[in-house]
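In: give me the fold of what follows.
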Amino acid sequence: MSGSTGSGTTGTDTKTDGRVERGNQTRRLVLGRTMDIASVEGLEGLSLGRIATELELSKSGVFALFGSKEELQLATVRAAVAVFAEQVVAPLKDVPPGAARVRALCRNWLTYSSDRVFSGGCFFYAVSAEFDARTGPVHDAVARTRLDWTTYMERTLSEARAVGDFTEDLDVEQLAFEVIALMEAANAQSVLLGDTHAYGRAERGVTARLRSSATEQGRAALAEQA
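Out: Alright, predicted model coming up:
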C-alpha cells in the first residue's frame, strides 16, 4: 500500500495535480497578457519568446503549453471569447426576451469597450481588421467569433419581435447590422481619437433605431429602461 494516503490519493496523483494546476495558472497568466497585447498590436504581435520574456517564464515552458505561435493565437482568441461572454452576454441571464433585453445587450457591449476590458478596446474589432483578408485557421477562428456575435444579436432581436416588441415586418439582419455598426464606430473613434463622447452618441443612435422599429409595447419597454 506504499504511496497511498488516508484519503485514497497517492503521492504521484498529488504531484500530478500540482503540476496541472501550475500549468493552468501559467496558461491563465499568459493568455491574460496575450489578449491585451493582441487588442493593441494584433495577434501577429504575439510570440512565445516575447511572452516568456515579459512574464519571466521559461520559453520551453510556454512552448510546452502552446506548441506554436499559431496555437498561441488561437488560444488567445478562445480566451477573449470567454471574457466577452462574461462581460456582455452573461449579465442578460435574468433579462427576459424583448426590446429591453436588446438595449441591455447593446449597453453591455458599449460598457465592455469603454471600460477597456481589453486595453485596445474591443478585441474582436481589432483582430478582425488584422485578419479580414487572410486565410488559415486564425482567420477562420476570428471570422467565426464575428459570425457568432452577429447571430446572437439577430437571435435577440428575433426573440424581441416574437414577444411583440418589434413590428412583424422587422428586417432583423438589417437592424443587427446597423446596431453593431454604430457600436463599433464608437469603439473605433474612442480608441483612435480618445473621444469618450462617441459612446453616448452610439447609444442614442442605437436607441433611436430600436424605437423606429418597435411597437407601442416595445417603445414603452425602452422608455422604462432609459
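In: when you work out contacts or count neighbours from here on, use the C-alpha atoms and nothing else.
Out: OK.
In: same question for stretch 138-153, mean pLDDT?
Out: Across stretch 138-153, the average pLDDT comes to 97.
In: and if you look at stretch 114-126?
Out: Average pLDDT, stretch 114-126: 96.
In: then that stretch to PDB, C-alphas only?
Out: This file holds the C-alpha atoms of stretch 114-126, laid out as PDB (Å, rounded to 0.1, in the frame of the first residue of the first chain):
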ATOM      1  CA  SER A 114     -15.500  51.900 -22.900                       C
ATOM      2  CA  ASP A 115     -14.300  50.300 -19.700                       C
ATOM      3  CA  ARG A 116     -11.300  48.900 -21.700                       C
ATOM      4  CA  VAL A 117     -11.800  45.300 -20.600                       C
ATOM      5  CA  PHE A 118      -9.100  44.900 -23.200                       C
ATOM      6  CA  SER A 119      -6.500  47.700 -23.400                       C
ATOM      7  CA  GLY A 120      -7.200  48.300 -27.100                       C
ATOM      8  CA  GLY A 121     -10.900  48.400 -26.900                       C
ATOM      9  CA  CYS A 122     -13.000  45.700 -28.500                       C
ATOM     10  CA  PHE A 123     -10.600  42.700 -29.000                       C
ATOM     11  CA  PHE A 124     -12.600  41.400 -31.900                       C
ATOM     12  CA  TYR A 125     -12.800  44.700 -33.800                       C
ATOM     13  CA  ALA A 126      -9.000  44.900 -33.600                       C
END
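In: report the buried residues of that stretch.
Out: Buried residues in stretch 114-126, counted by 16 or more other C-alpha atoms under 10 Å: Ser114, Arg116, Val117, Phe118, Ser119, Gly120, Gly121, Cys122, Phe123, Phe124, Tyr125, Ala126.
In: ditto for stretch 67-81
Out: Buried-residue list, stretch 67-81, by 16+ other C-alpha under 10 Å: Lys69, Glu70, Leu72, Gln73, Leu74, Ala75, Thr76, Val77, Arg78, Ala79, Ala80, Val81.
In: state the pLDDT value of Ser58.
Out: Looking at Ser58, its pLDDT is 89.
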